[in-house]
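Trainee: Could you work out the structure for the sequence below:
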Amino acid sequence: MRRLFPVTDQTPVPDEDEWSFDALAEAYAYPDTEGPYLRANMVSSLDGAGQHEGRSHPLSSDTDMRIFGTLRALADVVVVGAETVRQEGYRPARAREVFADRRAAAGQGPAPAIAVVTASLDLDFGLPLFTSPLIPTIVLTGASAPPDRVREAEVAGADVVIAGDGPGVEPARAVEALASRGMRRMLTEGGPRLLGQFVAAGVLDELCLTVAPLLTAGTAQRIAGGPAVSAPEQFRLESLLEEAGFLYTRYRRI
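Mentor: Numbers count the residues shown, from 1 in each chain. Below is the predicted model of the structure:
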């Protein structure tokens, strides 16, 4: 893998063997900010597809999965939509020995919590995501969520957090609720509808986007869906890595 940006005369360009997990952790370190910081990690084909046959994995690569694991290891919490949990078969985040010292030094637990955004709580609470996580799974929902489903989630061990006055979750309140629990370094892995809600609410600080050298055609969803914003929000390129035609980009909100 090679770094395409930023590169100066003083910047070494490591070869593939030098991109250890520590090197990736440095490349993707969260900025030193006082408030919450929400980054997204997504993958897209050359023609803009965020999924293939309903899943993102066919667009991924081994290096993309290494970056995926690194971004998780740096986060306090991973925020994901209920539909993505169902489609991608989400499991609890696992502790990674290679990141243990780094997480301990940052005051983090052994693994990030998973926070599932859902209005209906249409989830299987018998899955390992709820029955055997290292950190209790959080369910973000609205005030008018079905009471029986809320009770079922709590019995399963989930931490149910109300982040909206109606049935759904308000993105800004979700960010505030997680930050109030000490989860300042946030990562969302989608899906497209959830990412679109974060974009529309103006609470997304950073996008880590893998551009796969693949064409899919078809009608697959983009990485962000939902209503368009009134004016496009500008992001600046922070870094760009490349390997085997895959581009690993990092953009930060201006």
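
Trainee: who does the helix or strand bottoming out on mean pLDDT in the chain touch, helix- and strand-wise?
Mentor: The helix or strand of the chain with the lowest confidence, counting by mean pLDDT, DSSP states H and E, is helix 82-88 at a mean of 90. Packing partners of helix 82-88 (3 or more C-beta pairs under 8 Å, 6 or more residues apart in numbering; DSSP states H and E): strand 113-117. In short, each C-beta sits where N, CA and C put it, glycine included.

Trainee: Give me the sheet partners of the strand it packs on and which way each runs.
Mentor: The pairing partners recorded for strand 113-117 under DSSP bridges are strand 77-81 (parallel), strand 138-141 (parallel).

Trainee: what's the angle from whichever helix or strand comes after the last one to strand 113-117?
Mentor: As assigned by DSSP states H and E, the chain's next helix or strand after strand 138-141 is helix 147-155. Between the axis of helix 147-155 and that of strand 113-117 there is an angle of 170 degrees, by axes from the mean of the first three to the mean of the last three C-alpha atoms, to 10 degrees.

Trainee: How about helix 147-155, which residues are buried there?
Mentor: 149-150, 152-153 (16 or more other C-beta atoms under 10 Å).

Trainee: contacting residues for Glu170?
Mentor: Glu170 makes contact with 142, 163-164, 201, according to C-beta atoms under 8 Å, 6 or more residues apart in numbering.

Trainee: Kindly indicate the member of those with the most neighbours.
Mentor: Counting neighbours by other C-beta atoms under 10 Å, Ala163 leads the contacts of Glu170 with 23 neighbours.

Trainee: That one and Val139 touch, don't they?
Mentor: No - assessed by C-beta atoms under 8 Å, Ala163 is found out of contact with Val139, at 9.9 Å.

Trainee: Go ahead and confirm Val78 touches Ala111.
Mentor: No - with contacts counted by C-beta under 8 Å, Val78 stays clear of Ala111, the gap being 9.4 Å.
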